[in-house]
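Q: Give me the fold of what follows.
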Amino acid sequence: MSTLVIDNAGLLVTNDAALGEGPLGLVRDSALVIEGDRVAAVAPAGAAADERIDAAGRCVIPGFVDSHTHLVFAGDRAEEFTARMDGAPYAAGGIRVTTEATRAASAGELADLARARRDEAARAGITHLEIKSGYGLDVETERRSCEVAAGLTDDVTFLGAHVVPAEYEDRADDYVELVRGEMLEACAPHARWIDAFCERGAFDADQSRAVLEAGRAAGLGLRVHGNQLGPGPGVRLAVELGAASVDHCTYLDDADVEALAGSDTVATFLPATDFSTRQPYPDARRAIDAGASVAIATNCNPGSSYTTSMAFCIALAVRDMGMTADEALQAATLGGAAALRRGDLGRLSPGARADAVILEAPSHAHLVYRPGVPLVAATISAGRMLR
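A: Residues are numbered from 1 along each chain as shown. Now for the predicted structure:
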């Protein structure tokens, strides 16, 4: 098997405390040795290999793990965003605007659009991502969306319970039956996860529970959108059902924080969404100090967070959510892996998938120190150079 070495890393972030300094496992003046698609070793600079990438003293970090995206969609909602910046409130019902365009698009068109977004994410240092359906809201388009997503990742989430489509207006319970029955049956073969938007304007706790329990019976893992637009039952429902992650968590009360801290459910924060919707930012400091596991993700979608920049999300988390630069980087890498229950991602230690990013900077702190600057010099995914 051929070997590749990323040599002369001035600072290597391994996310393995056993390998280096502090929780990030920092190693200085080192080399990352890769065999095939796996990390083989962390060695002193100058390690021998068949192929060599010279980091030239720059910082090397694990590839970002984006555990919450909606890349499969057609259409544009720039006008909605502009109106929101002019003072219009955000509402979950805006999802319906994208549904019409997505239903009209062919599988090939959706695949081309989603692949372009995936490639853009890779250029921004994202080496693994989760992709949700949720803009079809009928059996065939949801199935088509899950199938397209499965061509790009092995972490596909079926999100038929995103919002009630127009044709089921005032018949939400009937739509829930469709989601947990025929739609789930069509989508489950292409998915690993099921999700529900447990929020005012979308689905209540009982409806969300019905969808999630049906998904679990079909062999899918559970994820929840919760507590985005105000206090609600989403966080505690996720913990009750043992969901891998509950995402948004913008509004957390004491009981929510206590539930998260006593569980394996990851609180996934989506700060670019709060930026775009003018919502308050979550109090990540409070959750971390209580002992909750946290992640950061982009929530790339056409309505409330049309970005693939994890660096932007990290900067927001430090500036407005009370996280340190170290905590934010770990949340965007190892935290994202935990939210997907993946032990092979988010770290650069032996046995992990060889996903690494070389920054055009001497340390990861520059992701916050130099916001908005494209600092990704190279992305390596599964041992292969992407850029």
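Q: How far does stretch 216-235 sit from its chain's centre?
A: Centroid displacement of stretch 216-235 relative to its chain, using C-alpha atoms, centre = their mean, to the nearest Å, is 15 Å.
Q: Next, the buried residues of that stretch.
A: 218, 220-229, 232-235 (16 or more other C-beta atoms under 10 Å). Just so you know, the C-beta spots here come from the backbone N, C-alpha and C atoms, and that holds for glycine as well.
Q: Likewise for stretch 55-65?
A: Buried residues in stretch 55-65 (16+ other C-beta under 10 Å): 55, 58-65.
Q: Please narrow the residues you listed to those residing in strands.
A: 59-62, 64-65 (DSSP state E).
Q: Tell me how many other residues surround R278.
A: R278: 12 surrounding residues under other C-beta atoms under 10 Å.
Q: Now do the phi/psi pair for it.
A: phi 60, psi 30 (degrees, to the nearest 10).
Q: Save the buried residues of stretch 55-65 as TSV, and put in distance to R278 and pLDDT too.
A: Formatted as TSV, the buried residues of stretch 55-65 follow (distance: C-beta to C-beta, whole Å; pLDDT from 0 to 100):
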residue	distance to R278	pLDDT
A55	39	98
R58	36	98
C59	33	98
V60	36	98
I61	30	99
P62	32	99
G63	31	98
F64	25	98
V65	27	99
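Q: export those residues to CSV and tack on distance to S263?
A: Below are the buried residues of stretch 55-65 laid out as CSV (distance: C-beta to C-beta, whole Å):
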residue, distance to S263
A55, 38
R58, 38
C59, 33
V60, 33
I61, 28
P62, 25
G63, 27
F64, 24
V65, 20
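Q: which of these lies closest to S381?
A: Here the nearest of those to S381, counting by C-beta to C-beta, is G63; it sits at 6.5 Å.
Q: in which helix or strand would I find the nearest residue to that closest one once chain neighbours are set aside?
A: The shortest distance from G63 to any residue other than its chain neighbours is 2.8 Å, reached at T127 (C-beta to C-beta, 6 or more residues apart in numbering). In the assignment (DSSP states H and E), T127 maps to strand 126-129.
Q: Contacts for that strand, please.
A: 63-67, 69, 71, 118, 121, 152-153, 155, 298, 308, 310, 336-337, 340, 342, 345, 353, 355-357, 379-382 (C-beta atoms under 8 Å, 6 or more residues apart in numbering).
Q: a helix runs through Q207, doesn't it?
A: Yes - under DSSP: H, G, I helix; E, B strand; the rest coil, Q207 sits within a helix.
Q: Distance of it relative to E182?
A: 17 Å (C-beta to C-beta, to the nearest Å).
Q: more crowded one of those two?
A: When Q207 and E182 are compared for neighbours, Q207 comes out ahead with 22 against 13, by other C-beta under 10 Å.
Q: Do I have it right that the more buried one meets A161?
A: Yes - between Q207 and A161 there is a contact under C-beta atoms under 8 Å: 7.4 Å.
Q: which residues are common contacts for the two?
A: 176, 196.
Q: In contact with the residue nearest in space to the middle of the chain, which residues?
A: Against the mean C-alpha coordinate of the chain, by C-alpha atoms, centre = their mean, the closest residue is S67 at 2.3 Å. Contact analysis of S67 by C-beta under 8 Å, 6+ apart lists 129-130, 155, 245, 247, 266, 268, 295, 297, 335-337, 339-340.
Q: switch the cut-off to 6 Å
A: 130, 268, 295, 297, 336, 339-340 (C-beta atoms under 6 Å, 6 or more residues apart in numbering).
Q: Likewise for L340?
A: Per C-beta under 6 Å, 6+ apart, neighbours of L340: 67, 155.
Q: and with 7 Å instead?
A: When contacts are counted by C-beta atoms under 7 Å, 6 or more residues apart in numbering, L340 is found next to 65, 67, 130, 155, 244.
Q: Compute the first-to-last residue distance for stretch 164-174.
A: 10 Å (C-alpha to C-alpha, to the nearest Å).
Q: Name the helix or strand of the chain that has the lowest mean pLDDT.
A: Scoring the helices and strands of the chain by mean pLDDT, DSSP states H and E places helix 78-85 at the bottom, with a mean of 76.
Q: Quick check: buried residues in that one?
A: 80-81, 84.
Q: do stretch 1-12 as well
A: Judged by neighbour count using 16+ other C-beta under 10 Å, the buried positions of stretch 1-12 are 3-12.
Q: Mind checking which of the residues you listed land in helices?
A: Secondary structure from DSSP state H places none of the buried residues of stretch 1-12 in helices.
Q: Out of those residues, list just those in strands.
A: 3-12.
Q: May I see these arranged in JSON lines, with pLDDT and distance to G262 as well?
A: Compiled in JSON lines, these are given as follows (pLDDT from 0 to 100; distance: C-beta to C-beta, whole Å):
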{"residue": "T3", "pLDDT": "94", "distance to G262": "44"}
{"residue": "L4", "pLDDT": "95", "distance to G262": "42"}
{"residue": "V5", "pLDDT": "97", "distance to G262": "43"}
{"residue": "I6", "pLDDT": "98", "distance to G262": "39"}
{"residue": "D7", "pLDDT": "98", "distance to G262": "44"}
{"residue": "N8", "pLDDT": "98", "distance to G262": "44"}
{"residue": "A9", "pLDDT": "98", "distance to G262": "38"}
{"residue": "G10", "pLDDT": "98", "distance to G262": "40"}
{"residue": "L11", "pLDDT": "98", "distance to G262": "35"}
{"residue": "L12", "pLDDT": "98", "distance to G262": "34"}
